[in-house]
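Participant: Test case, fold it:
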Amino acid sequence: MASEDRHTPAAEYLVCQSTGTCLSVVSGSGPGDAVVGLAKCTGSSSQRWYVCDGRWQWAPDRSLCLAHKQGELCLAPCTSTTTQASWTLDESGRLSPSHSSLALDVPWDYPRTKVILYPKHSGQNQKWWLLSTLKKIIDDSPDSTPTTPTVPRTLLHIVQGQHQQFSQTGRKPDFLISQSSHTLVTVLSGSGPHDAVVGLAPYTGQPCQQWSLQAGQWKWGQDPSLCLAPSTSSDTLTLASCTSSTAQWTLDNQGVVSCGTRVLDVPWEHPRQHLIVYPRHGGINQKWWNLATLTMQVPSKSPPMNNDSVYMKEMACTLINKLCDTSEPFPIQRTVEHFPGKVSSSAPRITATLTLDLSSLGQRENIRMTAPKDWQATDLYIPDGELFQVMLPDWLSSQQASQISVRVGAHCDTLQPESSNVKGRTFKRIPDITEEFEVKPGINNFRSQFGGNLIFTFEEGSHFNVNIEVKNVVRGLHYILGKTSKEEWERVRDIHKVPHAMLEGKSVVLVVPYSSILALTNPDQLLHRYDQIIHLLNDLAGFGDNDPPPRGKQWLVEDVQISAGSAHAGFPAMFCQEYYELCCPDTPYDWVTWHELGHNFQQGNFWSYRYGSESTVNLFSLYIQETLLKEDRLRKENRYTKTATEVDEGLTFQEADCWQKLVFLMEIKHAYPKCGWEMYRCVSRTTRALSDQQAASLTSCQQRQIDYVYELLSEAVGADLLPHYQRWGLEVSKKAQAKVTQLGLPMSPADLSIRNN
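Facilitator: Numbers count the residues shown, from 1 in each chain. Just a heads-up that it's a prediction; the model follows:
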C-alpha cells in the first residue's frame, strides 16, 4: 500500500446526488475481482479515494485506481500509461473519463447500486458531491434551515403592522386567518343577526374582519354586542346577540376553532369565500392563525436561503455526519425540534430485548402489484444524536445478518428543490430525515442524526426468528390491535411522549405525530376501518383462498411535507398532515385513502396504465364507496350524463380525461349488472395467472394491453364489447376481434351510456 505524507491531499468520497450513497468497492480487492458500485455512506476505507493528477486512487491500496474497461467500472494499476484510469470532474459535478462524452451514471432500476458509463446529460443521477465540496457548501452557507415558519411573508408583514398599531392604541382586536386560503373571517355584507353574511375575504384591516375572543365568544369588532355563531338552520355562520347566544368557541393549540362538536371549515370549492361548521377531520382547511400566534412567528433574522441552497446545505450536513465515526461527536448538530421532533432528555434510556420474525419473507413472483415490504414495527424510539447499540447473537451467520437492516424513522420521502411540493414554495423540514443501517453478528454501534421510530427491515433469504438486544433507546408508543388494551394505551401514552407513535392493525401500520393520538378515543375502531379498506381492496383485486393477497402490511405515514400531492401511493404511502390526519376516524373512509392505497393494487404496465392510471385506480375507490356508503361519485357529480353527451359529440378515449375514461369502464359494469364488479376481479386474477413469458409479452405492447382487457371483459360479461369500444374510438386489433368472435358471443349495444339516472 502506498504510504501517505503531509503533502497528500485528504481522502475524498464520491456521493451520488441522486441516491445519497457513496461510490465503493463493494467486493473484491484487485483488478481481477473488484466490483465497483454504490453503497450506503459509512466512512469505510473501501469508499475513500485520493485524487492525484486526474487519477482516483483507492484508499486501501493506492497503487490501484478507479478505471473503466469495456464500459464497466473496475480497479486498475495507477500507471501513467493507463489512460482508462484518468478522470475529469466538471463544474456541474459530472465525473467523466478524460476526453470522453460519457459520464458516471446511476441507473434508476432498484436497488440503485449499479454505476455505468452513459452519454452526458443534466440529470441528477450523473452528478456527484465530493467531501471537500460538501464542506465548502456548509462553510459558505448562512445560518438558515428549512424549518423556518411557513406563514406567508405578506401575512407576517401585516401582523407586524397591526401589532405595532394595537400596541400604540391599546386596542386588542384579533383576526382569524385560514391556514388553507390565507384569507380572513369577515362579515361580507349586512350588519346584524337577520342579514349578516359571514365568509372569507383578503386582508383589509377593517373592523368587519376584527374579532375579540372573550369568555368563549368571538365578539365582532364593528359591533361588540354581536358575536359569531353557527346558523340554526344550516351549516353556515351568522351574527347573534352576545347576550342571548349560546355559542361557545375554543381555539386549541392545533389552530382548530371549535363550537361544540363542529369546527370552522373552509370548503375547497372555488373561489373559497364560503365558511361553514363541519365535523373535525384535522385537515389544514380547518386550521387557523390568530394575531397572537402569528406575532410569535415574525422573523427576526434575514430571509431564508433559496431552495437550491437549502437543499445543498442540508444534504451536505447529512452526508458529512454520516461519514463521521461513531466514536467522535457529529461535526454538525442537526435541528430536529420542529420535525421530526426531540425526545426529552429526562426520558429513561433503556435496554430492551426483541424477537425479529423472519419466518416468512417476500412475495409470490406473480403478485404483479406494489406489495408491502417486510418491515417490523417496535415500541422503541431512537433519540437524535445519541449512540445506540443493536446486538445480534454471535451464532447468527453473516448471510443471515445481511438480511436485517435497522431503520430509524418511517418518513421516507426525500425532498428535492424540484419536488412538486417544494418547487415555488419552501422546505418545511430537512430533505432527508430517515436512516438505515446494516448489521453484523455481535455488537453494532449506530447514531441517528434525526431520531425516529425503531423499525427493522428484512430482505429475502433464509427463514428464522432471532432474539436481539437493543441498548440506549427510549420506550416508544406502539398500539397493536387485539393486543394492547385501551387502559394500557392511555397509561403509556401519558408516560412515553415521543414525537411519533405507531398504530398497528391486522393489515396496516400507521405512523402519526404524538399530538394526533391525544384526541384518539377509539384506536380499535380506527384500525378496524383501515383493515376493512384493505379487505375491500383485496376483494376487488380478486384475491381469495386459492390466490392469496400479498403478505405483509400496508404502511401509512403522516408527514409535515411530502414530495408530491396531498398524499401519494407507494410503500410506505405518504400523507401530508396539512390535509389529512390519519388518526381521524373519517380518514379511512375518505376518497384519498381509497385512491392512494388503490394505486398499490393496480396492475400497472400489464393493463392499468393503458386504460388510465388515474382512471383504473378509481375502480377501487368506486367499489369501496359503493360497498360502504351506497354511493357513486360519478353519478353524484353527473359525470355519466355529461360524458355520454361528449362522446355523442365525438370525444374519443384517447382525448378523454381520467374521469371520462373511468366512465368508459363503469358503463360496462352498469350495463351488465349480473357480472358487475366480478369482471374486474377476473382481469386481475387472469393477469396474475400469466406466465412470465406471457406477462413480458403483454407489457411490451400497448395495443396488446387494449386487446387483452377487451377480450377478458367480453368473455366475462358474455357479450362482444366491440361496439362499445368503437363508439369511444378505442381501436381493437383484428386479431383480438377474431378471437372474441370465435366465442360466439352476441354483440353488445353500441351505446352503454348512463343518462339522467
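
Participant: ok now stretch 253-264, how far from the chain's centre?
Facilitator: 27 Å (Cα atoms, centre = their mean, to the nearest Å).

Participant: Now that stretch: buried residues?
Facilitator: Residues of stretch 253-264 classed as buried: Gly255, Val256, Val257, Ser258, Cys259, Val263, Leu264 (neighbour count, 16 or more other Cβ atoms under 10 Å). The way it works is simple: take the backbone N, C-alpha and C, and place the C-beta from them, glycine included.

Participant: Spatially, what comes nearest to Phe339 if we skip its sequence neighbours?
Facilitator: Excluding its sequence neighbours, the residue lying closest to Phe339 (Cβ to Cβ, 6 or more residues apart in numbering) is Arg429, at 4.3 Å.

Participant: Same question for the one you found, what's its three-state structure.
Facilitator: coil (DSSP: H, G, I helix; E, B strand; the rest coil).

Participant: Rebuild the buried residues of stretch 253-264 as JSON lines, extending it with distance to Ser29.
Facilitator: Conversion of the buried residues of stretch 253-264 to JSON lines gives the following (distance: Cβ to Cβ, whole Å):
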{"residue": "Gly255", "distance to Ser29": "58"}
{"residue": "Val256", "distance to Ser29": "61"}
{"residue": "Val257", "distance to Ser29": "66"}
{"residue": "Ser258", "distance to Ser29": "66"}
{"residue": "Cys259", "distance to Ser29": "71"}
{"residue": "Val263", "distance to Ser29": "64"}
{"residue": "Leu264", "distance to Ser29": "66"}
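
Participant: Which of the residues you listed fall in strands?
Facilitator: Taking DSSP state E as the definition of strands, those contribute Val257, Ser258, Cys259, Val263, Leu264.

Participant: Model confidence score at the first one, please.
Facilitator: In the predicted model, Val257 carries a pLDDT score of 93.

Participant: can you tell me which strand in the chain is longest?
Facilitator: strand 464-475.

Participant: average pLDDT for that strand?
Facilitator: Strand 464-475 comes out with an average pLDDT of 98.

Participant: ok, now stretch 66-79?
Facilitator: What stretch 66-79 shows for mean pLDDT is 89.

Participant: distance of Cys324 from Ser691?
Facilitator: As for Cys324, its distance to Ser691 is 50 Å (criterion: Cβ to Cβ, to the nearest Å).

Participant: quick revisit: thinking the residue nearest to Phe339 is in contact with Gly341, fair?
Facilitator: No. If you go by Cβ atoms under 8 Å, Arg429 and Gly341 don't touch, sitting 10.5 Å apart.

Participant: Could you find the closest non-adjacent residue to the spatially most central residue of the chain?
Facilitator: Taking Cα atoms, centre = their mean as the criterion, Met574 is the residue nearest the geometric centre of the chain, at 2.9 Å. The spatially closest residue to Met574, leaving aside those adjacent along the chain, is Ile562, at 4.3 Å (Cβ to Cβ, 6+ apart).

Participant: didn't Val560 look like it was pressed against Arg429?
Facilitator: Yes. Taking Cβ under 8 Å as the contact criterion, Val560 and Arg429 are neighbours in contact, 5.4 Å apart.

Participant: Neighbour count: those two, which is higher?
Facilitator: More neighbours surround Arg429 than the other of Val560 and Arg429, with 22 against 18 (other Cβ atoms under 10 Å).

Participant: on contacts alone, who are the packing partners of whatever helix or strand Ala696 lives in?
Facilitator: Assigned by DSSP states H and E, Ala696 falls within helix 692-699. Using 3 or more Cβ pairs under 8 Å, 6 or more residues apart in numbering; DSSP states H and E, the elements in contact with helix 692-699 are helix 702-717.

Participant: If we go by neighbour counts, what in the helix it packs on is buried?
Facilitator: Neighbour-count burial for helix 702-717, counted by 16+ other Cβ under 10 Å, picks out 704-717.

Participant: How about stretch 98-106?
Facilitator: Neighbour counts over stretch 98-106 (16+ other Cβ under 10 Å) mark Leu102, Ala103, Leu104, Asp105, Val106 as buried.
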